[in-house]
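**Student:** quick one, structure for this:
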Amino acid sequence: MVNARGRIPALVLGALVLLATACAQGGEEEAPAPAGDQVPAVADSVIEVQVQASLDADPRLDRDDVRVQAHSVEQEVTLVGTVPTRLEMSIARANAQSVLGVKRVLIDSLVVESEMRGRESTTENVPGAAPDTAAGTTP
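**Tutor:** This is a model prediction of the structure:
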């Protein structure tokens with residue numbers, strides 16, 4: 001292994017380094033990191049708890065104004081409830097998406113209160129609009 005000059009050839013040295021590294025790892029292979037659309041398998045019940053904890057812990061989401069629950073089926077989280085504005089909706093969605101195991105976050109069931117108030121006020125001022133029977137108003 002030692003050449004005429006008393007040196008170890010680079011090829012042999014490289015092989016020794018690789019062998020030493022493999023031995024130091026104990027021969028265990030690391031699982032490849034999830035790539036692209038691959039998401040580690042996490043139970044839906046665990047995802048729900050972790051998403052809810054993430055929402056509750058975020059100081060940007062006021063617990064009095066943001067009322068959101070997370071439901072997970074096959075690693076797809078549906079956020080259900082009400083938020084004051086689209087900003088809180090985006091924050092809630094980002095929190096849910098950041099949880100390990102979540103493939104997709106659906107926000108169709110989130111109600112943005114500021115938009116609902118805007119719709120109510122515009123229908124009150126539109127001639128011929130249906131009266132708001134829930135509020136007990138009549139034309």
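
**Student:** for stretch 72-82, list every residue counted as buried.
**Tutor:** 72, 75, 77-79 (16 or more other CB atoms under 10 Å). (Glycine included, C-beta is placed from N, CA and C.)

**Student:** so what touches that stretch?
**Tutor:** By CB atoms under 8 Å, 6 or more residues apart in numbering, the residues outside stretch 72-82 that reach it are 39, 41-42, 44-45, 47-48, 51, 66-71, 92-93, 96, 99, 101-113.

**Student:** now the buried members of those residues.
**Tutor:** Of those, these count as buried by 16+ other CB under 10 Å: 42, 44, 47-48, 51, 66, 68, 70-71, 92-93, 96, 99, 101-102, 105, 107, 110, 112.

**Student:** what about the residues you listed, which are in helices?
**Tutor:** If you go by DSSP state H, these have 44, 47-48, 51, 92-93, 96 in helices.

**Student:** now Val51: how far from Val68?
**Tutor:** Applying CB to CB, to the nearest Å, the value for Val51 to Val68 is 9 Å.

**Student:** ok, back up a step: in strands, which of the buried residues of stretch 72-82 fall?
**Tutor:** In strands, defined here by DSSP state E, the members of those are 72, 77-79.

**Student:** closest to Arg117 among these?
**Tutor:** Leu79 (20.2 Å; CB to CB).

**Student:** per-residue confidence for Ser109?
**Tutor:** Note on Ser109: pLDDT of 92.

**Student:** for Cys23, same thing?
**Tutor:** So Cys23 comes in at 46 (pLDDT).

**Student:** equivalent analysis for Pro40, please.
**Tutor:** Here the pLDDT value assigned to Pro40 is 80.

**Student:** check for me that it belongs to a strand.
**Tutor:** No - Pro40: not assigned to a strand; according to DSSP: H, G, I helix; E, B strand; the rest coil it is coil.

**Student:** in this structure it contacts Gly101, no?
**Tutor:** Yes - between Pro40 and Gly101 there is a contact at 5.7 Å, judged by CB atoms under 8 Å.
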